[in-house]
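# coordinates only, sequence not included:
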């Protein structure tokens with residue numbers, strides 16, 4: 001790392017070498033002909049140089065990589081998407097960048113507050129996408145711009161301060177207690193079907209995502225004085241979660257055998273890449289349940305039932321592994337029956353109903 005003062009064509013520059021890259025910073029100063037003014041200028045430039053050196057050492061000053069800033073936003077997002085899954089929004093948003101006038105050719109350094117606002121308006125009003133999908137793609141652009149700032153390709157995020165696309169609250173189906181008990185009595189045919197049933201009911205009791213169910217190993221099960229529990233790093237968030245197992249959940253996986261710690265608890269499910277939601281849909285229909293139940297419904301069933309049974313939201317938050325109670329609140333739906341029971345707890349009015357009718 002080094003910072004040197006340079007004079008080129010009568011103007012002052014700083015020649016900065018940092019992290020293997022050399023950049024020149026214009027100081028906006030022309031070398032004065034007057035000796036005293038030139039002396040004052042030199043002192044000012046020395047002060048700026050010293051400040052830059054201090055900032056570089058402390059990591060407070062990020063230099064813009066002007067070379068990478070000339071890369072197109074499209075190519076930058078494509079590069080990010082190479083490490084993502086096939087259906088990731090970073091891959092899908094490329095189609096809409098191509099469709100937007102100039103979207104495939106705009107350089108990262110050319111993206112402005114107005115450009116992002118116009119592109120987001122295009123997604124919301126002209127693309128024909130549902131608002132929730134349009135917002136997902138706008139978020140992909142926001143994430144790319146934030147990463148560009150972190151990598152010193154951009155000095156500031158042009159999407160900051162722009163309100164996202166409004167999306168309606170999504171209603172997610174879950175199983176009420178009576179439905180869960182009913183479903184437990186219905187079988188799915190085949191070895192895979194039996195494992196799907198065990199895994200789904202297990203998830204209803206511990207709120208694990210399907211990705212965590214598939215990756216669950218016997219080493220993730222620990223035993224304490226109060227019983228068995230799952231302790232593992234979540235696949236999605238990489239955060240550790242500890243979930244005590246209800247005796248029914250434990251009975252779903254405890255076959256009495258001795259297992260290798262690295263063995264998967266649900267090996268058949270872990271070995272398949274096929275989406276098994278169709279098996280669950282068939283299963284629930286067989287049980288006479290008309291709701292659209294999927295794997296994620298199991299994760300939502302657990303916190304909802306806990307909430308209806310009086311468990312506080314902070315405890316449910318820990319079980320689900322959420323970082324915010326606002327996220328947990330979205331998972332804790334309330335049944336129509338519970339809403340009716342809540343309203344009926346209000347005291348009955350004692351008054352002349354004839355008066356009410358006249359009014």
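Happy to help now that I have it. All values reported here derive from a predicted model rather than from experimental measurement.
# for stretch 7-25, buried residues please.
Applying a neighbour-count criterion of 16 or more other C-beta atoms under 10 Å, one finds 12, 13, 14, 16, 18, 25 buried in stretch 7-25. Using the backbone N, CA and C atoms, a C-beta is placed for each residue, glycine as well.
# again but with stretch 121-136, I slipped
Using 16+ other C-beta under 10 Å as the burial criterion, the residues of stretch 121-136 that qualify are 122, 123, 124, 127, 129, 133, 134, 135, 136.
# domains in the chain, by residue range?
2-58, 68-150, 177-341 (automatic domain parsing).
# and the longest helix anywhere in the chain, what does it pack against?
For the chain, the helix with the greatest residue count under DSSP state H is helix 35-58. Helix 35-58 is packed against strand 2-8, strand 11-18, strand 21-30, with contacts defined by 3 or more C-beta pairs under 8 Å, 6 or more residues apart in numbering; DSSP states H and E.
# okay if I get these as CSV plus mean pLDDT and distance to residue 185?
Formatted as CSV, the helices and strands packed on helix 35-58 follow (pLDDT from 0 to 100; distance: least, C-beta to C-beta, whole Å):
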stretch, mean pLDDT, distance to residue 185
strand 2-8, 89, 75
strand 11-18, 85, 67
strand 21-30, 83, 66
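# now those in JSON lines, with distance to residue 271?
Compiled in JSON lines, the helices and strands packed on helix 35-58 are given as follows (distance: least, C-beta to C-beta, whole Å):
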{"stretch": "strand 2-8", "distance to residue 271": "56"}
{"stretch": "strand 11-18", "distance to residue 271": "49"}
{"stretch": "strand 21-30", "distance to residue 271": "46"}
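# where along the chain do the strands fall?
Remark: strands assigned in the chain by DSSP state E are 2-8, 11-18, 21-30, 221-224, 227-233, 240-244.
# make TSV from those and add distance to residue 93 to it.
Below are the strands of the chain laid out as TSV (distance: least, C-beta to C-beta, whole Å):
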stretch	distance to residue 93
strand 2-8	39
strand 11-18	32
strand 21-30	29
strand 221-224	40
strand 227-233	29
strand 240-244	30
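# buried stuff in stretch 265-282?
In stretch 265-282, counting by 16+ other C-beta under 10 Å, buried: 265, 266, 269, 270, 276, 277, 279, 280.
# separation between residue 215 and residue 138?
31 Å (C-beta to C-beta, to the nearest Å).
# the two: who's more crowded?
Between residue 215 and residue 138, counting by other C-beta atoms under 10 Å, residue 138 is the more crowded of the two (24 against 18).
# go ahead and confirm the more buried one touches residue 127.
No: at 10.5 Å, residue 138 does not count as touching residue 127 under the criterion of C-beta atoms under 8 Å.
# returning to what we had before: just put the domains of the chain in CSV and tack on distance to residue 166.
Listed next are the domains of the chain as CSV, based on distance: least, C-beta to C-beta, whole Å:
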stretch, distance to residue 166
domain 2-58, 40
domain 68-150, 7
domain 177-341, 16
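# where does this protein have low pLDDT?
In the predicted model of the chain, residues 19, 55-67, 86, 169-171, 334-336, 338-339, 346, 348-359 satisfy pLDDT under 70.
# hmm, 80 instead?
The model of the chain has pLDDT under 80 over residues 1, 18-21, 52-69, 83-87, 152, 155, 168-172, 275, 326-359.
# what's the closest non-adjacent residue to residue 281?
In this structure, residue 281 finds its nearest non-sequential neighbour in residue 293, 6.9 Å apart by C-beta to C-beta, 6 or more residues apart in numbering.
# pull the residues that contact stretch 108-127.
66, 68-73, 76, 96, 99-100, 103, 106, 129, 131, 134-135, 137-138, 141-142, 145, 148, 153-154, 158-162, 164-165 (C-beta atoms under 8 Å, 6 or more residues apart in numbering).
# mind redoing it with 6 Å?
69, 71, 73, 76, 100, 134, 137-138, 148, 153, 158-159, 162, 165 (C-beta atoms under 6 Å, 6 or more residues apart in numbering).
# just the buried ones out of the residues you listed, please.
The neighbour-count criterion (16+ other C-beta under 10 Å) marks 69, 71, 73, 76, 100, 134, 137-138, 148, 153, 158-159, 165 among these as buried.
# okay if I get those as JSON lines plus distance to residue 254?
Formatted as JSON lines, the buried ones among the contacts of stretch 108-127 follow (distance: C-beta to C-beta, whole Å):
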{"residue": "69", "distance to residue 254": "58"}
{"residue": "71", "distance to residue 254": "54"}
{"residue": "73", "distance to residue 254": "53"}
{"residue": "76", "distance to residue 254": "50"}
{"residue": "100", "distance to residue 254": "55"}
{"residue": "134", "distance to residue 254": "47"}
{"residue": "137", "distance to residue 254": "45"}
{"residue": "138", "distance to residue 254": "47"}
{"residue": "148", "distance to residue 254": "50"}
{"residue": "153", "distance to residue 254": "53"}
{"residue": "158", "distance to residue 254": "55"}
{"residue": "159", "distance to residue 254": "50"}
{"residue": "165", "distance to residue 254": "47"}
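# now flag whichever of those residues is closest to residue 235.
residue 137 (23.7 Å; C-beta to C-beta).
# does that closest one touch residue 91 like I think?
No: Residue 137 is beyond contact range of residue 91, at 10.7 Å (criterion: C-beta atoms under 6 Å).
# among the helices and strands packed on helix 35-58, which is nearest residue 326?
When the helices and strands packed on helix 35-58 are compared by C-beta to C-beta, strand 11-18 sits nearest residue 326, at 40.5 Å.
# quick one: strands adjacent to the closest one?
strand 2-8 (antiparallel), strand 21-30 (antiparallel) (DSSP bridges).
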